[in-house]
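Colleague: Sharing a model that was predicted from the sequence below.
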Amino acid sequence: MSDHKTLWLDIETTGIAKAYDQVVQMAYGWENEDGELVEEMSILVRPSVPISRGAFETHGISDDMVANSPTFAEAASELADRIDKAEMIATYNGNRFDIPILDAEFKRAGMSVELISKLPLDGFRLLQEMNPRDLSTMHAKYVGEPLEGAHDALGDIRGTHALYRAMISAFGLDSIPDHQIAHSLKGYNITVDGKLMWDKWNPNVIIFNYGKKHGGRPIDWVIENDPGYLDWIIGADKERIDSITVELVEIARRALNGVHDFYRWVQATYGGPPLEVHELLEKGQPSRHKRLEAPEETPATLEDTGITGVVNSDYQKEIQAQEMYNQRHTELERNCMRQLMEKSQELDHEFQTRLYRRHQELDNEFQSRLHQRHQELNNEFQTRLYRSHQEIDKRAWAGELDSNSTQEEISKSTAEGNDWLREKEAEARTEENAWLREKEAEATAEGNDWLNDKKVEVEAERQRCMDEGIERIRSDIRDQFGITY
């Protein structure tokens, strides 16, 4: 049961790149004193980048489903208010995913939300703590007996070996070679440290995952747009920057040979994107990225028909056509995505420039308005003070006030006038600050609308790029092989 103000939240996104992908759905609710969720909200959000194929397959939210939904900036004000009031933010694995992506979204929307500083309550971390998976515990569970010699190196490797073989049998993986299991268990990491990885949602794209400057971008983009960064990695002081490993330097060197050669080197050195272990069981083979399946019938199955030679020829054409389609399709997808990201970067830069200039204009107008208000108030103050002193002088001439009383009345009148002026100036500043905030919010909303419209156009261009490219590929295959795809 919660004894604090706890906000539970979860998001669905266009993908998993924290620097690029955006929210498409957010849900949140308070936990009351009885440990129940109350005041629940679930909102679909229209992102400015397309929903990736892999993300759609995960959460089922399509671009069409959010086409008429509000943007994050339009929809997030209540969530921002709740985060501000919350003492804890509760998620499942949110420390590594939901919270960083939400923080990036708030920054893009120009909203100051102290999300990162809130105390995180992560159910996934609790599960890790309360379900120990140390060698001794797992050995007893799967091997069926206590581990002898725990924390002795020889005892541990014997226990690890026995545990692995017991799990292979328990999970029905006896027919899968160990090297395929090992490749699968690397996940999407190409390098062990994850500085190079396959894009989960587009497994033919390699993500460069090092540094704040380009971490999370496709390696294609880095190679073609900032090769100087790769040169910097190669020549950097390795003693001062110990995160630059020998392997990372080799990756940078290979990348400078060009996109095509780099992908070939990665495939030859590390292998392709892996299947998950359960997929190994289902499919029985390690390749996951063929878009066209090989023909089910092979020449060997047709030898009894008497036309094996013809079948061999047709089969070879099918294989060659398939390989041509897969290679050209991969290159096309990469090129179209690169164009999308380049244009998106240009739009983001233009958006920031436009917004900065508009805010500068508004700030100048704010200063001018405030100066004018202060001038008006100061003039009124001088007039009021002059009239007040005139009245005091009249009373003094009439003999109602002696010289001491006259001075006291003038001092009192001046003090009251100054108090009035300070109060009015404070009111004026408050009003003008409210005006500025309103205008800045309008400018940000207009800028986001402009950016979203432009990114929809860019995504439409990417789709045209893909459609036209696929038609060219199909036409070339028809001309070369006489096969229609």
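Modeller: Structure received. Numbers count the residues shown, from 1 in each chain.
Colleague: what's the helix or strand of the chain with the lowest mean pLDDT packed up against?
Modeller: Using mean pLDDT, DSSP states H and E, helix 277-283 stands out as the lowest-scoring helix or strand of the chain, at a mean of 77. On a contact count with 3 or more C-beta pairs under 8 Å, 6 or more residues apart in numbering; DSSP states H and E, helix 277-283 meets helix 178-185. No exception for glycine: its C-beta is placed from N, CA and C like everyone else's.
Colleague: can you list contacts of the following helix or strand past the helix it packs on?
Modeller: Under the assignment DSSP states H and E, the closest C-terminal helix or strand after helix 178-185 is strand 196-198. Contacts of strand 196-198 with the rest of the structure, by C-beta atoms under 8 Å, 6 or more residues apart in numbering, involve 188-191, 205-209, 219, 251, 266, 273.
Colleague: out of the residues you listed, which are buried?
Modeller: Neighbour counting with 16 or more other C-beta atoms under 10 Å marks 188-191, 205-209, 219, 251, 266, 273 as buried within the contacts of strand 196-198.
Colleague: Pull the most distant pair out of those.
Modeller: Maximum pairwise distance in the buried ones among the contacts of strand 196-198, criterion C-beta to C-beta, is 17.0 Å, between Ile251 and Pro273.
Colleague: Count the neighbours of Glu427 for me.
Modeller: 12 (other C-beta atoms under 10 Å).
Colleague: where's it, which helix or strand?
Modeller: Element membership for Glu427 (DSSP H and E) is helix 403-481.
Colleague: didn't Met138 look like it was pressed against Leu163?
Modeller: Yes - with contact defined as C-beta atoms under 8 Å, Met138 counts as touching Leu163 (5.6 Å).
Colleague: longest helix of this structure?
Modeller: In the chain, assigned by DSSP state H, the helix with the most residues is helix 308-397.
Colleague: Figure out how far that helix is from the centre of its chain.
Modeller: Its chain's C-alpha centre and that of helix 308-397 lie 18 Å apart, by C-alpha atoms, centre = their mean, to the nearest Å.
Colleague: name the helices or strands packed onto it?
Modeller: Going by 3+ C-beta pairs under 8 Å, 6+ apart, helix 308-397 lies up against strand 217-218, helix 219-225, helix 403-481.
Colleague: Please work out the average pLDDT along the second one.
Modeller: To tie it back to what came earlier, the one meant is helix 219-225. Mean pLDDT, computed over helix 219-225, is 91.
Colleague: can you tell me the average pLDDT over the longest helix of the chain?
Modeller: 81.
Colleague: Report the angle between that helix and helix 403-481.
Modeller: For helix 308-397 against helix 403-481, the angle by axes from the mean of the first three to the mean of the last three C-alpha atoms, to 10 degrees is 170 degrees.
Colleague: Below-threshold pLDDT in the protein: ranges please.
Modeller: 1-4, 17-19, 283-319, 484-485 (pLDDT under 70).
Colleague: measure the most far-flung residue of the chain relative to its centre to Asp393 for me?
Modeller: Relative to the mean C-alpha coordinate of the chain, counting by C-alpha atoms, centre = their mean, the farthest residue is Gly399 (80.3 Å). Distance, Gly399 to Asp393, by C-beta to C-beta, to the nearest Å: 12 Å.
Colleague: what ranges do the helices span in the stretch 151-300 of the chain?
Modeller: Using DSSP state H, counting those that start in this stretch, the helices of the stretch 151-300 of the chain run over residues 153-170, 178-185, 211-214, 219-225, 227-235, 246-255, 259-270, 277-283.
Colleague: for these, which one sits closest to Gly15?
Modeller: helix 219-225 (14.8 Å).
Colleague: For the residue lying closest to Trp201 once chain neighbours are set aside, what is the enclosing helix or strand?
Modeller: Closest residue to Trp201 apart from its sequence neighbours, by C-beta to C-beta, 6 or more residues apart in numbering: Gly54 at 3.0 Å. If you go by DSSP H and E, Gly54 is part of helix 53-59.
Colleague: now do Trp30
Modeller: Per DSSP H and E: Trp30 is located in strand 23-31.
Colleague: What are the buried residues along that strand?
Modeller: Counting neighbours by 16+ other C-beta under 10 Å, strand 23-31 gives Val23, Val24, Gln25, Met26, Tyr28, Gly29, Trp30, Glu31 as buried.
Colleague: sorry, back to before: any buried residues in the helix holding Gly54, and which?
Modeller: Ala55, Phe56.
Colleague: Show me the contact partners of that helix.
Modeller: Against helix 53-59 from outside (C-beta under 8 Å, 6+ apart): 12-16, 21, 24-25, 61-62, 200-202.
Colleague: In TSV: the contacts of strand 196-198, plus distance to Leu126.
Modeller: As requested, those are exported to TSV (distance: C-beta to C-beta, whole Å):
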residue	distance to Leu126
Tyr188	25
Asn189	25
Ile190	31
Thr191	30
Val205	34
Ile206	34
Ile207	30
Phe208	33
Asn209	27
Ile219	36
Ile251	36
Val266	37
Pro273	31
